[in-house]
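S.K.: pasting the sequence and the predicted coordinates here, then a few questions.
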Amino acid sequence: GEDVEQSLFLSVREGDSSVINCTYTDSSSTYLYWYKQEPGAGLQLLTYIFSNMDMKQDQRLTVLLNKKDKHLSLRIADTQTGDSAIYFCAEPERGSTLGRLYFGRGTQLTVWP
Amino acid sequence: DTAVSQTPKYLVTQMGNDKSIKCEQNLGHDTMYWYKQDSKKFLKIMFSYNNKELIINETVPNRFSPKSPDKAHLNLHINSLELGDSAVYFCASSRTKNNSPLHFGNGTRLTVT
């Protein structure tokens, strides 16, 4: 299966920016996703980017896509303690129409007050 | 107004028992999934149903048997539970359209003692 890589931990101070990085494998992926998992909860779709875009901004969230390097990043501006969670990058299975997503192992973001 | 709901939220049982987890979605989606999240937060797909038809069946022990009575419901029955089955099981749903994002339930934490 696809191999989605993320660093496991990130700690930031409240008010700073957070940048969570991800590398993926399939250069033909049409969409790439970021999910957020709070403790004891399911995965919540945070944002996604279409492969013909380099950047997508949604309030405090900025997604950057570098297709050449197969690198995806999620920037959270003015990080708050409520942003503490695990963030998963996900890409669809190569060539699949079945909806199978491959997830990275998740980045645990800890925000210190 | 919960979109994807799973029951129970917690399930503690002994080895050798048989248990079921239920999932329902009210999003009008055609495709439903079961994902397993291990203790290291790694997410792996187990099964997927599209309009009640099994379309993804990963290498999962045949003690695990999904059942979809209609496209809004997908249940998971597990026979002869083993210690290694302890995990969080997530139900998800999506539209059939290519690369539609998955919407997840809040998970069922299964503990086998």
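M.R.: Received it, and whenever you're ready, just let me know what you need. Numbering: from 1, shown residues only, chains lettered A, B, ... in the order given.
S.K.: now do the same contact list for the residue in chain A positioned nearest to chain B.
M.R.: Using Cβ to the nearest Cβ, the single residue of chain A nearest to chain B is residue A:42, 3.9 Å away. Placement of C-beta: from N, CA and C, glycine included. For residue A:42, the set of contacting residues under the criterion of Cβ atoms under 8 Å, 6 or more residues apart in numbering or on different chains consists of B:4, B:90, B:104, B:105, B:106, B:107.
S.K.: quick check: the gap between the fourth one and chain A.
M.R.: Residue B:105 sits 5 Å away from chain A, going by Cβ to the nearest Cβ, to the nearest Å.
S.K.: direction included, what does the helix or strand bottoming out on mean pLDDT in chain A pair up with?
M.R.: Of all the helices and strands that make up chain A, strand A:101-103 has the lowest average by mean pLDDT, DSSP states H and E, namely a mean of 88. Using DSSP bridges, strand A:101-103 pairs in its sheet with strand A:85-92 (antiparallel).
S.K.: what residues does the strand it pairs with touch?
M.R.: For strand A:85-92, the external contacting residues (Cβ under 8 Å, 6+ apart) are A:2, A:4, A:6, A:20, A:22, A:24-26, A:29-39, A:43, A:46, A:72, A:74, A:99-104, A:106-109, B:41, B:43, B:99.
S.K.: quick one on the thing from earlier: quick check, nearest of the contacts of residue A:42 to residue B:14?
M.R.: Using Cβ to Cβ, residue B:107 is the member of the contacts of residue A:42 that sits closest to residue B:14, with 21.1 Å.
S.K.: next up, the contacts around residue B:44.
M.R.: Taking Cβ under 8 Å, 6+ apart as the definition of contact, the neighbours of residue B:44 are B:35, B:36, B:37, B:38, B:58.
S.K.: what do you get if the cut-off is 10 Å, keeping everything else the same?
M.R.: Contacts for residue B:44 (Cβ atoms under 10 Å, 6 or more residues apart in numbering or on different chains) come out as A:1, A:102, A:103, B:35, B:36, B:37, B:38, B:58, B:59, B:60, B:87.
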